[in-house]
Structure formats: C-alpha cells, structure tokens
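[1] A predicted structure for the sequence below; I have some questions about it.
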Amino acid sequence: MNNVSKRTSSIARGINTAFWFNKLKAFFTVDLLIVLASFGLFGYNSFQTLPEGESVRSFSITGDSYKNVVLNFFTDNSSYSFPMREYVYFTGIILIAVAAYQLLNLLFSFTHTAKIRRKLRPLNELALKAEAISEVPLDTTKFEELEEAILKVPADKNGARISTGDQDLASIEAALNSLLYRMQEARMQQARFVDDASHELRTPIAVIQGYANMLDRWGKDDPAVLEESITAIKNESENMKELIDQLLFLARGDNGRQKLSMEKLDLSDVMREVWEESMMIDSDHKYLYEDSENCYINGDLAMIKQSIRIFVQNAAKYSDKGNTIKLSVKRNGDKISYIVQDEGIGMAGEELSHIFERFYRSDKARNSSTGGSGLGLSIAKWIIDAHQGSVEVLSRLEIGTRITVSFMGC
C-alpha cells in the first residue's frame, strides 16, 4: 500500500510540475505580447504625427536610462525624436502589476499537488483493490458451483434466477441475473411482437381467402359478386402491404439499419407542407396552422415529415367531421416543438402510457372502423427517439388530444 501511495504522490508532483512550467511559459508569452503591443501602439501614434509626405527610412531607440529613452525616425530630409519616458513608465507599471499577479499565481500553484493527489485518490483505491484481488488465491470450486447454477436455470422459464448461496459470488450472481432478466424481457417482447403480427395478418388473409372462395363458387357468373370480391381483395392487399412496410421499418430500426440523412431544416416549412397536403386530401376537417420564425433543427426531412403525418392522420381518424385540427410550431428557449391538437374522442389516463406500444389500440379504436394496425405511433416514437427528441401527450375523453414533440434547436 505504501508503494502505491508513494507512486500516486510522485505522479501528482509530476503533473503539477508540468502544469507549473506550462503556466510559466504562458505568463512569459503574455508579458512579451504586452511589451510588443504597447511599443507598437506608441510607435504608430508617433508616426501619425510626422509631416505629410515624409517617408520613414529607419528608426532607432537611444538612451541610457528609462528617463531619457527616445524613439528616433529617420526620413530622407530629416530626423524626428519622440521621448518614451511616459510610455516606459506606464508600461512598467502595467508589467509590474501583471508580474506580481503571475508570481503569486505561480507560488500558489505549488499547493496544487495535494489537490491532484485527492483527484487521483479513486484511482489509487482502485489500484489497491486490484492488487488485493490479484493476491487472492484462485478457488476453482466456486466457479464450478457458479457454472452448475447457471446450467440449472431453465431456458424457457421466465423469472428464473441464478443462486449459489455463496456470498463471495453474490456480485457475479447479481450481474448475471440482471443480464438474464434483460434477455428474458427481450425474448418475451419478441414473442409478443410475433404473436401480434400474426394476429394482424390473419384478418386480411382470412378476408382474401373468403372472397376467393366466393369467387370460386359464384363470381364466375355473377358480375356483382365479382366486382365486390375484387374490390375487397385489393383493399385487404393494400392493408397487408402497409402493415408489412411498417413491420419492416420497425425491424430495421431495432437492428440499427434504419439510416438517417441529417440536415439543417426549418420545422415551420415541414409543418406547413403537411398542413397544405392535409387540407387538400381531407375535406372533412378544418385545419389551422400557426408557425414561428427561425425554428431550425437538425433532422432527416422525410422522417420528421412522416412523424408529423402520423400524428395528423391519427387526429383526423378519431375526430368527427367538421372538427378542427390545429398544427403549430413554437420555439421555447433552445427547444423547437411542433404541436398537433384535435377535438376528437380523446383518451383515458390509463391508456396514455400504452399508446406508443406496438399493436396497442384503445377499446374505442378497436371498436371503430378506423382502428388501424397500432404501429403508426410506434413508428413516430422511434423517429422522435432517433432524433433525440421528446414527446408529451395531453388528452381528455370527449375533449381532444394535444401532442407536443420537441427537438433541440440549431
């Protein structure tokens, strides 16, 4: 332990000595710059007093003491002298004051060794613990017990934990159990995702199969049945395509293969484009827009626009005809936010914590004809998280919903 402490003190002194010499060089450079700057200013002011048309060929500084130092300018026709006594006196006062501060600072710097040693104390303690661990004899029996406990954990049982009962292995057990818990959660999430995806795909497949059977029985001779079946199959095919596209988007995002093309963009311009296209394609609702100036963020234009579209489409989906949907962009300090507010059916408090979960739909959404797949808000949340943004949802039943998405401005 004494050797480690001595080594730490030696390192602290070495760091402080290097810092002291660097500071000394910096102070010397500052003093030299003060002298050069003040002399240059004096010379320039003196030069400005020369008669017009005179060209200085050379200059010199003469004098055996600061009281009679003179700056001499030599021209083609004559010479001019400028006493530097006041300049030297004034510059000397400045240098003395600066040098006094620098000297005190350098003397005080000798006390920094103790501070550096305190900063290095955690590293010193870590070195001591590592040294102590290295001196502990290796007991292979404990590792065999741990290996046996790991092998006893059932792979398909949730909540299973590793336990040997050995206090020496408690920290390792805690780390392994934490890792095991995360792996179990990931497996359960993956299983739920597959189950939900299968359920969502089962409905359109069943509809397509039903209409195909109807076509096989009656569609060959009945034009009405033929037309109805073709329309239904096309609609369900589009729903399946949209669902699969959403699943692929989320899968690429989870695997880190969803690339973002970051650029500086005006969030007000992006929101205005979504507002204009919403008014053009949806005549059942009234759209209002309120923008702000200088609302620039770094983001992927297509992704940001997609997230806005998801929230706007969601607002229209759950709002009655004639209701108002308000879009706005605001700046709050260094945060830039876009807001989508509707007068729709709203959501209960217990539903708000689940709306960004994949395949989640409220009871009202499931009972309506516009329930969707339950993936849109999950995609919007992924886009927001990928841009290191945040989302706030405020909703009241039968009053409406306001969604605020915020990003760092630039």
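    Yep, it's here. On a predicted model such as this, the values are computed, not experimentally measured, just so you know. Residues are numbered from 1 along each chain as shown.
[2] Just the strands from the stretch 201-350 of the chain, written as ranges.
    Taking DSSP state E, counting those that start in this stretch as the test, the strands found in the stretch 201-350 of the chain are 262-266, 286-290, 296-300, 324-332, 335-341.
[3] and the first one, what other elements does it pack with?
    I take that to be strand 262-266. In this structure, strand 262-266 makes packing contacts with strand 296-300, helix 301-317, judged by 3 or more Cβ pairs under 8 Å, 6 or more residues apart in numbering; DSSP states H and E. Using the backbone N, CA and C atoms, a C-beta is placed for each residue, glycine as well.
[4] Not counting sequence-adjacent ones, nearest residue to the residue lying farthest from the centre of the chain?
    Distance from the centre of the chain peaks at Asn77, with 70.1 Å (Cα atoms, centre = their mean). Nearest non-adjacent residue to Asn77, counting by Cβ to Cβ, 6 or more residues apart in numbering: Glu54, 7.3 Å away.
[5] buried ones in stretch 385-401?
    Of the residues in stretch 385-401, those buried by neighbour count under the rule 16 or more other Cβ atoms under 10 Å are Ala386, His387, Gly389, Val391, Val393, Ser395, Gly400, Thr401.
[6] ok so, going back, okay if I get the helices and strands packed on strand 262-266 as JSON lines plus mean neighbour count, mean pLDDT and distance to Gly63?
    Written out in JSON lines, the entries for the helices and strands packed on strand 262-266 read as follows (neighbours: other Cβ atoms under 10 Å; pLDDT from 0 to 100; distance: least, Cβ to Cβ, whole Å):
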{"stretch": "strand 296-300", "mean neighbour count": "20", "mean pLDDT": "95", "distance to Gly63": "61"}
{"stretch": "helix 301-317", "mean neighbour count": "20", "mean pLDDT": "93", "distance to Gly63": "70"}
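[7] How far away from the center of its chain is stretch 240-252?
    Relative to its parent chain, stretch 240-252 has a centroid offset of 26 Å by Cα atoms, centre = their mean, to the nearest Å.
[8] ok, back up a step: nearest to Gly333, of the helices and strands packed on strand 262-266?
    Using Cβ to Cβ as the criterion, the shortest distance between Gly333 and those is 13.6 Å, found for strand 296-300.
[9] For the closest one, C-alpha coordinates in CSV please.
    Once non-C-alpha atoms are left out, strand 296-300 reads as follows in CSV (Å, rounded to 0.1, in the frame of the first residue of the first chain):
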residue,chain,number,x,y,z
TYR,A,296,-34.3,25.3,-37.3
ILE,A,297,-33.4,21.7,-36.2
ASN,A,298,-31.0,19.0,-37.4
GLY,A,299,-33.0,16.1,-38.7
ASP,A,300,-34.0,13.7,-41.5
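[10] Thanks a lot, see you next time.
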